[in-house]
Structure formats: structure tokens, C-alpha cells
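Asker: Quick check, what structure comes out for this input:
(chains A and B)
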Amino acid sequence: MLIRTVSVLVLGLALLVAQATLAVFVPLHPVHPNLLLPIVISLGVTPEIGLARGALLAFVLGYFVDSFSACSLGLHTFVFVATFLLSRLAGTRLFLRGISFQIGLAWVVAALAGFGVSLLRGIFEVSEQTHRSPLDDAGGVLGSALLTAALAPFVFRLVRRIDNLSPSAARF
Amino acid sequence: MRVQRGLCSDDTKDCINACLGLRWGPKMFALKRLRDVAICALLLALPFFTLRSNLKAPENLSWFDSLVLRLGAPLQYVATLSAEAVSGAVQEYVWLVDTERENHALRSQLRDLSMRHRQLEHDLEELPRLKRLLALKETRFRSGLAAKVIGREVTPFFRTVRVRLDLNESEGISAGTPVVTSEGLVGQIRRSGDRFSDVLLIADRASAVDVVIRPSGARGVLKGVGASNHYDCRVEYLATRDTIEVGNEVVTSGLDQRFPEGILVGTVETIKTRQIGLHQDISVTPAVDFGRLQEVLVLGDFTETARER
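Answerer: Take a look at the predicted model:
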């Protein structure tokens, strides 16, 4: 269990690095994929993962994003935990219906997460220069969500591979 | 009591308990659920309050915000350090990739610039020669046609014995046409082909030029020695009464109806008076270094095409 948990975190870190490298070579500002979000969604829709453990993993992954992207500490951490809980609510039925449903779910959740980040910024940002309403970022958020959703099946597959690392443990 | 190994696909506490025959009662489930909800609430509250405290203006911080910041500071410090280390390594890698690409681009640019530099150096070397050739054409030989040396035949001692020019028969080049440079006489066209013309140098054994030695005015026939290790020529059968000194200039006389008068051929190198008879032989060093020939002027009547060139 510990190995698989660490593997998920290492995968998250690797995807974060890949994401940062991709941003250097393919500047698509303000659209940028969030490759860690599909991991959180995947954790959320896998019922074998306990609520507490999934939330903790989402917390750590969000903390990674905050630390790496120089965001205000807690921004993505909060959003990732919330995304995990949202995905848990969405359940697995929709998720298991195929790749198009996976992409659709990823897009919706990623968009909600993006708006969540914008909303939190809107609420807490004190600087008027950086203060923006969530609607100002709508284009970027939806575009980023689309890109995240497009890459999500690939991340889901990686998570599934980690899931199958040990033959004695088919799931988390 | 032993755990029945192999029955479980997961070694979680639940599974162990199941194997041990322990059953979760409704109370245990409720407690577990409560624990999970509490953890989730904590994991949501923790970043929320951290975010709130982080983004608040320093003057508006409450005691709770200060406490959150104080508790979170060491963790944040460690996380920032780790993130900086990882992102630094990645950034370095990305820079290395960029450096590699830049290196390739710079190498390519350097090659291009080196090539251009060599071309410019070559042009710079060529320029004074062409200027002299042009001056020669404008001042003396208006009917001259500039030609480039495109080939040469050398001896084992690196002496040029034959030179090939980029002029052909269609341009009016014919055998016997004089070839000169700004330094002096080179020789004459030996043969003219479809693509090029060969020059018979004055140092060739087959060459003969009617010359005059200045300032004495002595006249003779300059013949090539055809040596493989030097370019020297000879003027034979000069009368001993002609006062000739080493260093005197040898120029064309124009009397052979082939070479125009007054073209410098060379300078007297040695004088050899024959023991018996009335003649003296002199050795002449050609004014032109045939080994360094690049461009020449071919004198004669040429076709319109050749003149346009």
C-alpha cells in the first residue's frame, strides 16, 4: 500500500515536472493543462481507495502544485481535496463507461477546479492589480480544462498501471 | 490466532480483521466514517485557513492567522526548498536543451561566417590583381579579354608547365594569341577547345619570343629551357658587342608579329660569353611567377559574346 501511495506521489511529481517543461517549450498562456488533476479524479472515482487516504493524497498533490507554481500556499491544496471529494460524489458508473465519459468528467471537474481557484483568488486576493473575477478567467479556465481533459485518459492509464504494480493487489 | 495468508488481496487492517474473524459492527463503521469525514474536513480546513492567512494584508492578521502562519512557516520553508531544488534541476535541464540547440545554431552560423570570411579574404586578395589587370587593359590592351586560370599542370618540383584558362574557341580564342598579366608576358595560347584553352608558357621548351634587352636595345629570341625545377629562359646568340648587364629588362620587340611591343618578359639573370665566336648567351628570369597565376589577360580580336563577357 505504501509503495503504491509513494508511486502515486512520484507520478504526480513527474507529471508536474513534465507540465513545467511543457510550459517552457509550448507556451499556450493562459491555457495550461493540469496533469495532476486527473490523478485526483482517478483517486476519487476509485472506491477501493479510502476517503481519508484519497483526501490525504489529494492534499499532498495540491501542496506540490502550490510549492512548484509559487501560488499562495493552500490554493491548489484546498481545490485538490475538494476535487477529490467532488469526484467521489460523481461516482464510478459514469467513469467506467469509456474514454469519452472519462474525458467529459475530467473536463467538468477540471473546469470546476479552475473556477474554484479563480473564486478563491477573487475572495482572498488583496492586491487590486491581481484581483480578477472568476468570469475574467473563464476562457483560460475552460481552455485549460479542455486540455487537461484531453490528456486525462493518458494519466488515468498511468494511474491504473501503478494500481496494477503488485499482482497481489489489483487495486489501491 | 494466525492470519490466514493468501486469502487477502490487500493487507489492510480491514482484511486482517476479516481473516481473524473479527466483524465490523455498525458502531465501528460509524466511527470509521466519522474519522474519515473529520480527516477530510481537516484537510479542507487546513489549506483554506492557510490560504486565508497567507493572502491577508499583514495589518489585518488576527492571532489565529499569525498562529497558522507561524506553524506553517517551517513546512513551507522545507517545501519551497525542495521545490526550488527540483525545479532548479529541471530548469537546468531545459537550459541545457536550449544550450544544445543554441550551440547547433551557433556552429552553423560560425560555419557560414567562416565560409563568407574565406570568400571575402579570397575576394580581397583577388581585388588588387583584378585592378591591375583592368588597368592594364584600359591603358594598353583595349582588345584584351580577362580569363581565369582553371587548371595547371605541375612538375614533381611544383613548377607550373601548363596553364588552362576558362576561355574557349567560340570566344575567338585561337592558337598563338598572347597571354599577359600586369607583371608581364605569360605566353601564348597553345590550343583552344570547346570548354577551355591551354597556354604555352614562355618557360616551355617549345616557346620562342622575339625580345629586346633594355637599355642596350640588343635583340634576340627568348626560348624556354623547359626545366622541371625552374622557370628560367635563355636568349642565345647575342652579339658580344651588345653591352648587357645582369638585371636588365627583357621586353617583347613586336617584330615577330605575334606579341605586341614592349611587354615585360623578365630580367637578365646571368650572362655567359662564349669562349670561341662572337656571341653571348643570357639567362632570363621571367617577370611572371607562373605558380601564382590566377587571372590573365588574353590579347586579340574576340567575338561579341566574348567582349560582353
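Asker: Tell me the pLDDT of the residue most central in space within chain A.
Answerer: Nearest to the geometric centre of chain A sits A:Leu37, at 1.0 Å (C-alpha atoms, centre = their mean). At A:Leu37, the model reports a pLDDT of 89.
Asker: For it, which residues are in contact?
Answerer: A:Phe80, A:Thr83, A:Ala106, A:Val109, A:Ala110, A:Ala113, A:Thr148, A:Ala152 (C-beta atoms under 8 Å, 6 or more residues apart in numbering or on different chains). Placement of C-beta: from N, CA and C, glycine included.
Asker: who does whatever helix or strand A:Ala111 lives in touch, helix- and strand-wise?
Answerer: Under the criterion of DSSP states H and E, A:Ala111 resides in helix A:99-124. Helices and strands in packing contact with helix A:99-124 are listed as helix A:37-45, helix A:75-90, helix A:138-163, helix B:26-55; criterion 3 or more C-beta pairs under 8 Å, 6 or more residues apart in numbering or on different chains; DSSP states H and E.
Asker: That one relative to helix A:138-163, how many degrees between them?
Answerer: 120 degrees (axes from the mean of the first three to the mean of the last three C-alpha atoms, to 10 degrees).
Asker: Spatially nearest residue to B:Gly226 (excluding sequence neighbours)?
Answerer: Leaving aside its sequence neighbours, B:Gly226 sits nearest to B:Arg205 (C-beta to C-beta, 6 or more residues apart in numbering or on different chains; 3.1 Å).
Asker: no, scratch that, I was asking about A:Gln102
Answerer: A:Pro153 is the one closest to A:Gln102 (C-beta to C-beta, 6+ apart), at 5.6 Å.
Asker: you'd agree the one you found is up against A:Ser100?
Answerer: No - taking contacts as C-beta atoms under 8 Å, A:Pro153 lies outside contact range of A:Ser100: 9.6 Å.
Asker: between the helices and strands packed on helix A:99-124, which gets nearest to B:Gly151?
Answerer: helix A:138-163 (64.5 Å; C-beta to C-beta).
Asker: Buried residues in that closest one, which are they?
Answerer: A:140-149, A:151-153, A:155-156, A:158-159, A:162-163 (16 or more other C-beta atoms under 10 Å in any protein chain shown).
Asker: circling back to that earlier point, can you check the contacts of A:Leu37 and name whichever has the most neighbours?
Answerer: The most crowded member of these, judged by other C-beta atoms under 10 Å in any protein chain shown, is A:Phe80 (32 neighbours).
Asker: then stretch B:66-73 to CSV, C-alphas only?
Answerer: Provided in CSV are the C-alpha atoms of stretch B:66-73 (Å, rounded to 0.1, in the frame of the first residue of the first chain):
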residue,chain,number,x,y,z
SER,B,66,-0.5,34.5,12.9
LEU,B,67,-0.6,31.1,14.6
VAL,B,68,-1.4,29.4,11.2
LEU,B,69,1.4,31.3,9.5
ARG,B,70,3.9,30.5,12.3
LEU,B,71,3.0,26.8,12.3
GLY,B,72,3.1,26.6,8.5
ALA,B,73,6.3,28.6,8.0
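Asker: List of residues touching it?
Answerer: Against stretch B:66-73 from outside (C-beta under 8 Å, 6+ apart): A:Leu73, B:Phe49, B:Thr50, B:Ser53, B:Asn54, B:Leu61.
Asker: got a list of what the fourth one touches?
Answerer: Under the criterion of C-beta under 8 Å, 6+ apart, the neighbours of B:Ser53 are B:Leu61, B:Phe64, B:Asp65, B:Ser66, B:Val68, B:Leu69, B:Gly72.
Asker: at 10 Å instead, please
Answerer: A:72-74, A:124, B:61-62, B:64-72 (C-beta atoms under 10 Å, 6 or more residues apart in numbering or on different chains).
Asker: Now list the buried members of those residues.
Answerer: Here, 16+ other C-beta under 10 Å leaves A:Ser72, A:Leu73, A:Gly74, A:Phe124, B:Asp65, B:Val68, B:Leu69, B:Gly72 buried among the contacts of B:Ser53.
Asker: Would you mind giving the secondary structure of the first one?
Answerer: Three-state secondary structure (criterion: DSSP: H, G, I helix; E, B strand; the rest coil) places A:Ser72 in coil.
Asker: so how far is A:Ser67 from the residue nearest to it when sequence neighbours are not counted?
Answerer: Of all residues not flanking A:Ser72 in the chain, B:Asn54 sits nearest, at 4.9 Å (C-beta to C-beta, 6+ apart). The gap separating B:Asn54 from A:Ser67 is 13 Å, by C-beta to C-beta, to the nearest Å.
Asker: which one of the two has more residues nearby?
Answerer: Using other C-beta under 10 Å, the more surrounded residue of B:Asn54 and A:Ser67 is A:Ser67, with 24 against 20.
Asker: Let's verify the more buried one: helix, strand, or coil?
Answerer: helix.
Asker: pretty sure it is in contact with B:Glu84, am I right?
Answerer: Yes - counting by C-beta atoms under 10 Å, A:Ser67 does reach B:Glu84; the two are 8.8 Å apart.
Asker: Which phi and psi values does A:His32 adopt?
Answerer: The phi and psi values for A:His32, taken as degrees, to the nearest 10, are phi -150, psi 130.
Asker: In contact with it, which residues are there?
Answerer: A:Gln19, A:Ala20, A:Leu22, A:Ala23, A:Val26, A:Ser69, A:Gly140, A:Gly143, A:Ser144, A:Leu147, A:Thr148.
Asker: now, among these, which is nearest to B:Thr177?
Answerer: Comparing every one of the contacts of A:His32 with B:Thr177 (C-beta to C-beta), the shortest separation belongs to A:Val26, at 68.0 Å.
Asker: how about the closest one, what does it touch?
Answerer: Taking C-beta under 10 Å, 6+ apart as the test, what A:Val26 contacts is A:His32, A:Pro33.
Asker: For chain B, see how far away it is.
Answerer: 12 Å (C-beta to the nearest C-beta, to the nearest Å).
Asker: In the chain, where is pLDDT below threshold?
Answerer: Answering for chain A, as no chain was given. A:24-25, A:27-29, A:70, A:91-97, A:125-136, A:165-172 (pLDDT under 70).
Asker: Hmm, no, I was thinking of chain B.
Answerer: Ranges of chain B meeting pLDDT under 70: B:1-25, B:56-61, B:83, B:87, B:90-91, B:94-95, B:142, B:228, B:274-277, B:301-309.
Asker: Break it into its domains for me.
Answerer: Following automatic domain parsing, chain B resolves into domains at B:13-55, B:77-139, B:145-308.
Asker: Nearest to A:Val31 among those domains would be which one?
Answerer: domain B:77-139 (20.0 Å).
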